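1. Sharing a model prediction with you, sequence too.
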Amino acid sequence: FQEKPFAGINGSGKHNNWSISTKEGVNLLNANQVTKATGNKDVFPVLMAAIVAAVDKHGDLMRCSVASPGNDFRLGAMEAPPAI
């Protein structure tokens with residue numbers, strides 16, 4: 001959900017891109033698609049609150065799944081410079 005912080009500078013630091021969708025193909029991170037599929041504009045904010053709560057509660061488990069030495073200490077050509 002983080003935007004690139006500086007125009008013209010390659011990369012934005014370490015980040016993950018992910019999506020959640022239904023088996024019908026509704027992107028649950030797209031407010032318009034959720035509202036169209038449910039017919040209720042209040043579903044998307046509740047869904048987002050649930051996702052934020054889950055990430056907050058289980059952030060340590062999410063970190064364990066990606067925090068290998070190869071990922072934790074990597075600074076390659078595709079990463080933002082440390083000064084950023």
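-> Thanks, I have the structure now.

2. where in this protein is pLDDT low?
-> Applying pLDDT under 70 to the chain picks out residues 1-16, 69-84.

3. helices or strands up against the helix ranked longest in it?
-> Counting residues, the longest helix found in the chain (DSSP state H) is helix 43-57. Applying 3 or more Cβ pairs under 8 Å, 6 or more residues apart in numbering; DSSP states H and E, we find helix 43-57 packed against helix 31-38. Just so you know, the C-beta spots here come from the backbone N, C-alpha and C atoms, and that holds for glycine as well.

4. relative orientation of the helix it packs on and helix 43-57 in degrees?
-> Counting by axes from the mean of the first three to the mean of the last three Cα atoms, to 10 degrees, helix 31-38 lies at 120 degrees to helix 43-57.

5. outside of helix 31-38, which residues touch it?
-> Thr22, Glu24, Val26, Asn27, Leu28, Lys41, Val43, Phe44, Leu47 (Cβ atoms under 8 Å, 6 or more residues apart in numbering).

6. Find the pair from these with maximum spatial separation.
-> The largest separation in the contacts of helix 31-38, counting by Cβ to Cβ, is between Glu24 and Lys41 at 19.0 Å.

7. Now the buried members of the contacts of helix 31-38.
-> With neighbours counted by 16 or more other Cβ atoms under 10 Å, the contacts of helix 31-38 contain buried members at Leu28, Phe44, Leu47.
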